[in-house]
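Enquirer: the sequence and its predicted three-dimensional model are supplied below.
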Amino acid sequence: MRFLQLATEQRYSVRKFKAQPVEKEKLDLILEAGRISPTACNYQPQRILVIEDEAAREKLKQCTPCHFDAPVILLICYDKTTVWKNKTNGTVGGDVDASIVTTHMMLQAAELGLGATWVGAFHHQKTRELFGLPDYLVPVAMLPLGYPAEDVEPHPWHFKRFDREHTVFYNTFDGITEGEAH
């Protein structure tokens, strides 16, 4: 499958899943896609918690309504003791690294015929407490994944994209105007 076809046609946010478990082989490939993802200076600060047993998934429901009853939920964090720090402006690369890792895993899931959706709307402190995250781990995203339910379709906004001229500029931002929201 070609990348743009995967990214635009096959991958979309799935918010309703079958109860069917995800095979270990497929989960391993998804986790491998996260492991080999590029990170700043290759520091690899990502730490991923696989939430798949029923008790843990029930606990997770206390942290977000966006669990979508997925059979597997990945909690993507970064380790702030190993993350790259930008000496020129003081920022850290953890959110970016975790986002790259999450994207790679989401695309790998789509290639394997699984659905996923990026979840940023969750109670971070409650997640920390319920899952015993140490202070040095920073949760960034959750990735519910599994087999899409039979009646799931991409949201109509999935296919709405600005023309390239609205988002890409060459050499200068002269003449740029404030953008439009969906």
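Expert: Now that the structure is in, tell me what you want to look at.
Enquirer: now stretch 154-169: buried residues?
Expert: Within stretch 154-169, no residue counts as buried by 16 or more other CB atoms under 10 Å. In this view, the C-beta of every residue, glycine as well, is placed from N, C-alpha and C.
Enquirer: span of that stretch from start to end?
Expert: 29 Å (CA to CA, to the nearest Å).
Enquirer: please begin residue numbering at 458 from this point
Expert: Sure thing, new numbering starts at 458, so read that last one as stretch 611-626.
Enquirer: what about it, average pLDDT?
Expert: Across stretch 611-626, pLDDT averages out at 80.
Enquirer: and it, how far from the chain's centre?
Expert: For stretch 611-626, the separation from the chain centroid amounts to 20 Å (computed by CA atoms, centre = their mean, to the nearest Å).
Enquirer: and the strands in the protein?
Expert: According to DSSP state E, the chain carries its strands in the segments 503-508, 529-536, 572-573, 594-603.
Enquirer: so what does the shortest one touch, helix or strand wise?
Expert: Put plainly, it is strand 572-573. Applying 3 or more CB pairs under 8 Å, 6 or more residues apart in numbering; DSSP states H and E, we find strand 572-573 packed against helix 551-568, strand 594-603.
Enquirer: who's in contact with it?
Expert: 469-471, 474, 562-563, 566-567, 600-605, 609 (CB atoms under 8 Å, 6 or more residues apart in numbering).
Enquirer: output the lowest mean pLDDT helix or strand found in the chain.
Expert: helix 460-462 (a mean of 79; mean pLDDT, DSSP states H and E).
Enquirer: contact partners of it?
Expert: Contacts with helix 460-462, where a contact means CB under 8 Å, 6+ apart, come from no residue at all.
Enquirer: give me the number of residues near Lys473?
Expert: Lys473 has 16 neighbours, counted by other CB atoms under 10 Å.
Enquirer: try the one 3 residues further on
Expert: Ala476 is flanked by 10 other residues according to other CB under 10 Å.
Enquirer: count of neighbours near the residue nearest to it when sequence neighbours are not counted?
Expert: With sequence-adjacent residues excluded and distances taken as CB to CB, 6 or more residues apart in numbering, Ala476 is closest to Pro528, at 6.7 Å. Neighbour count of Pro528, defined by other CB under 10 Å: 20.
Enquirer: and what of Glu482?
Expert: Neighbours of Glu482 under the rule other CB under 10 Å: 8.
Enquirer: tell me the pLDDT at it?
Expert: On pLDDT, Glu482 comes in at 98.
Enquirer: separation between the residue nearest the centre of the chain and Ile487?
Expert: The centre of the chain sits closest to Thr559, judged by CA atoms, centre = their mean, with a distance of 3.6 Å. Here the criterion is CB to CB, to the nearest Å. By it, Thr559 lies 11 Å from Ile487.
Enquirer: need the overlap of contacts for these two.
Expert: Common neighbours of Thr559 and Ile487 (CB under 8 Å, 6+ apart) are Leu531.
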